[in-house]
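1. Next come a sequence and a model predicted from it.
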Amino acid sequence: MSPGKLFVSRKQKSTLFSSRTFIVLFAAALIFGLALTLSPAPQTRAAAPLPQADGGQTIYETRCAVCHGIEGDGIGPGAEFLDPRPRDFRRGWYKIRTTTSGQLATDADLFKVIANGMPGTTMPAWGDVLSDDEIRAVASYIKTFSRRYEREEPIVAALGASVESSAESIARGKELFDGAEAECAKCHGSAGRGDGPSANDLTEDAFGDVIVPADLTMPWLFRGGGTVDDIFLRLNTGLTGSPMPSYAEVLTSDDLWHLSNYIDSLATEASPELQVAITAAQNQGPIPDDSEAPEWQTATEFYFPLLGQIIREPRNYTPSIKGVWVRALYNDSELALLIKWHDRFEDAGGAEGAGGIEGTSDGFAVQFPAELPDGDKRPYFVFGDSSNAVNLWYWSAAEDGVEERTGKGADTIAAQSTQNVQGAASFAAGEYTLVVRRALNTNDAEDIQFEAGKFIPLSFIAWDGWRGELDTSGAISSWYMVYLEEPVAVINYVWIPVVVLIVVLLEGLIVWQVRRSNRD
C-alpha cells in the first residue's frame with residue numbers, strides 16, 4: 001500500500017469484537033507477566049500448606065477468566081485479541097517477582113502485580129477496584145493452577161547493600177551497559193530506546209508472542225516498577241521467558257547497582273507531569289529548522305501520552321508508540337511545532353512489519369478542528385465526524401514530507417486542494433524529530449486559523465510501520481490545547497523605569513525641602 005492511501009479502508013486480518021464482547025473484555029482484562037525460563041531448575045524445599053482461597057475463585061471467574069481462561073490456561077475468550085497475550089498460570093512461570101531466576105513468585109509479588117497492573121498491557125490495576133483481602137484471595141486462587149506451589153516454596157533473592165547514585169557509579173554503569181560484560185546496548189540500544197542491533201532479531205518470547213526490548217528512557221511504563229530498586233530486581237532476577245537474563249551470576253552486587261543507577265539516569269524524570277495546554281512562546285525573528293537551535297532549547301517541552309484507539313475498527317489495544325514530546329514557537333507570521341517520539345526502527349514501508357502487513361510506513365499527524373470551536377465543543381477525536389471536520393498535518397516516512405489533509409471521519413480523509421504546511425523529520429537512536437510549521441492565517445476555509453491569546457484544540461496520532469499500524473490502528477491522544485502567548489505591550493516595559501524615576505525625583509524633592517527647612 002502506498003503512503004498516500006493510508007486512510008483507504010482495507011480488510012483486516014483479525015476477527016473483530018462485537019460491541020458487547022469488547023465492553024466486557026475491556027472492563028475485565030487481567031494479564032499477568034508469566035514466561036518460560038531457559039535457566040536450570042531452581043533449588044526447592046518443602047512448601048508450607050497453601051492458604052485458603054475463600055472468594056478468590058468467584059472473583060477470578062468474574063473478572064479474570066475472560067482473558068486468562070476459566071482453567072488459568074491463558075486462553076480465555078478475549079485472549080486472541082490481546083498483545084501481549086494472557087499468561088498460562090498452570091506453569092508457575094512469572095516475570096515480575098522478587099525471587100531468584102526460575103523461582104515461583106511470592107504472595108507479595110502476586111499481590112503487587114494484581115494491585116498495580118502491568119503498564120503497557122491490557123492488564124489493569126485492580127487496587128482501586130478490589131479490597132486487599134479480595135486481591136489476596138485472587139492471588140491464592142491463582143496459585144492453585146500450578147502444582148509447583150504444592151512442592152516448592154519461593155526463595156527471595158538476596159539484594160545486597162545498595163550503592164548510592166553518583167557520577168562515578170553512573171560512569172561505571174554505562175561502561176557495563178555498553179561493554180561486553182552486560183551487553184545491554186545490543187538489545188536496548190546506545191541511548192536505551194530499545195533499538196539495539198539485535199532488537200529486530202527478538203521476534204518472539206518463549207510463549208510465541210512478538211517481543212521488543214524495553215525503552216529504558218520511559219520508566220513510568222516499566223511493568224515491574226520504575227524505581228532504581230525495581231531496576232536492580234529485574235537485573236538480579238531476570239524476566240523469565242524473555243531474552244532478558246538474570247545477571248546475578250555474571251555481575252557483582254555493586255556492579256548491578258552501578259548498572260541500575262545508569263539505567264535510572266537515562267530518564268530525566270520518573271513520570272512527566274501531564275499538561276492540558278502547550279504554551280507557544282513568541283519568537284522575535286525567524287523560527288529555526290534546527291531542533292538544536294537555542295530558540296527551541298529555551299522553549300518549554302510538554303509530554304502527552306498516546307493510547308490505543310479502541311472505539312472503532314481497526315482497534316489497537318497496545319500501540320507501539322507510547323507518548324510524544326512537543327515544543328511550540330510562533331512569530332508574527334507562523335506557528336511551528338517541534339515534535340519528538342520514540343520508534344525502535346525507522347520504517348519507510350519497504351519491508352514487511354511485525355504486524356504482517358507489507359508496505360506500512362512510520363507516520364505522524366497533528367490534528368486540529370478545521371474551525372476554531374465555540375466553548376467546549378470538539379470534533380470526534382478519531383478524525384472528526386460528519387458535522388465537524390478536522391485539519392491534519394500529516395508526515396509520512398515513505399514520502400519524507402508533510403501534507404495537509406482534511407476529513408469528517410476516518411473513511412473520508414483526503415489531501416487538501418491547497419497545501420500550506422511545511423516540515424521535515426530526522427531519525428537517530430530510536431527517536432524521530434519533526435519540525436512542522438504553517439502560517440498563522442492562510443485564508444483557506446479548510447485550515448484552522450491561529451490567533452494569539454486563544455486556546456486552540458489539537459491532538460496527535462502516530463503510526464509504527466514495523467508493527468503494521470495504519471488508519472485508526474495507530475496510537476492517538478485526546479484533545480489538548482495550544483496557546484499562543486499574547487505579546488507583552490511595550491508600555492509594560494516602560495512603566496517600571498518611569499515609576500522608579502518618579503520615586504527618585506520625589507525622594508530628591510523631599511530631601512531638598514528638609515535641608516531648606518533646616519537652613520531657614
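-> Now that the structure is in, tell me what you want to look at.
2. This structure: helices as residue ranges?
-> Taking DSSP state H, the helices of the chain run over residues 19-28, 56-63, 65-68, 107-116, 132-143, 148-151, 167-178, 185-188, 228-237, 253-265, 294-297, 490-519.
3. What ranges in the stretch 201-350 of the chain fall below the confidence cut-off?
-> Scanning the stretch 201-350 of the chain with the threshold set as pLDDT under 70 gives 203-208, 270.
4. With the chain instead?
-> Looking at the chain by pLDDT under 70, you get 1-54, 203-208, 270, 351-358, 488-501, 503-504, 508, 511-512, 514-516, 518-520.
5. re the thing from before, kindly reformat the helices of the chain as JSON lines and extend each row with distance to I321 and mean neighbour count.
-> Every residue, glycine included, has its C-beta placed from N, CA and C. Listed next are the helices of the chain as JSON lines, based on distance: least, C-beta to C-beta, whole Å; neighbours: other C-beta atoms under 10 Å:
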{"stretch": "helix 19-28", "distance to I321": "21", "mean neighbour count": "14"}
{"stretch": "helix 56-63", "distance to I321": "29", "mean neighbour count": "17"}
{"stretch": "helix 65-68", "distance to I321": "24", "mean neighbour count": "24"}
{"stretch": "helix 107-116", "distance to I321": "23", "mean neighbour count": "19"}
{"stretch": "helix 132-143", "distance to I321": "32", "mean neighbour count": "20"}
{"stretch": "helix 148-151", "distance to I321": "38", "mean neighbour count": "14"}
{"stretch": "helix 167-178", "distance to I321": "24", "mean neighbour count": "17"}
{"stretch": "helix 185-188", "distance to I321": "17", "mean neighbour count": "20"}
{"stretch": "helix 228-237", "distance to I321": "23", "mean neighbour count": "22"}
{"stretch": "helix 253-265", "distance to I321": "21", "mean neighbour count": "23"}
{"stretch": "helix 294-297", "distance to I321": "21", "mean neighbour count": "15"}
{"stretch": "helix 490-519", "distance to I321": "42", "mean neighbour count": "9"}
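6. what's the closest of those to G384?
-> Among the helices of the chain, helix 19-28 comes nearest to G384, with 21.4 Å by C-beta to C-beta.
7. related to what we said a few turns ago, can the helices of the chain go into TSV with extra columns for distance to F81?
-> Formatted as TSV, the helices of the chain follow (distance: least, C-beta to C-beta, whole Å):
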stretch	distance to F81
helix 19-28	7
helix 56-63	17
helix 65-68	9
helix 107-116	21
helix 132-143	22
helix 148-151	29
helix 167-178	36
helix 185-188	28
helix 228-237	28
helix 253-265	32
helix 294-297	41
helix 490-519	57
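8. With respect to D343, which of those helices lies nearest?
-> Of the helices of the chain, the one closest to D343 (C-beta to C-beta) turns out to be helix 185-188, at 14.6 Å.
9. quick revisit: ok, which of the helices of the chain comes nearest Q284?
-> Among the helices of the chain, the nearest to Q284 by C-beta to C-beta is helix 294-297 (9.3 Å).
10. chain center to the closest one: distance?
-> Taking C-alpha atoms, centre = their mean, to the nearest Å, one finds helix 294-297 lying 25 Å from the centre of the chain it belongs to.
11. list the helices and strands that helix packs on?
-> On a contact count with 3 or more C-beta pairs under 8 Å, 6 or more residues apart in numbering; DSSP states H and E, helix 294-297 meets strand 323-330.
12. Let me see the contact set for E134.
-> By C-beta atoms under 8 Å, 6 or more residues apart in numbering, the residues touching E134 are 55-56, 59.
13. Any idea which of the helices of the chain gets closest to A370?
-> Between A370 and those, the shortest gap by C-beta to C-beta is with helix 294-297, which sits at 27.9 Å.
14. Could you dump the contacts of E134 into JSON lines with distance to G225 added?
-> Shown next, in JSON lines, are the contacts of E134 (distance: C-beta to C-beta, whole Å):
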{"residue": "G55", "distance to G225": "27"}
{"residue": "G56", "distance to G225": "24"}
{"residue": "I59", "distance to G225": "24"}
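15. Closest to P379 out of these?
-> When these are compared for distance to P379 (C-beta to C-beta), I59 wins out at 40.5 Å.
16. list the contacts for that closest one?
-> Taking C-beta under 8 Å, 6+ apart as the criterion, I59 is in contact with 130, 134, 137-138, 141.
17. From A139, how far out is the spatially most central residue of the chain?
-> Centroid check for the chain by C-alpha atoms, centre = their mean gives K322 as the closest residue, at 2.5 Å. Distance, K322 to A139, using C-beta to C-beta, to the nearest Å: 28 Å.
18. ok, back up a step: and the two most separated of the contacts of I59?
-> The most distant members of the contacts of I59, if one measures by C-beta to C-beta, are L130 and Y141, lying 12.4 Å apart.
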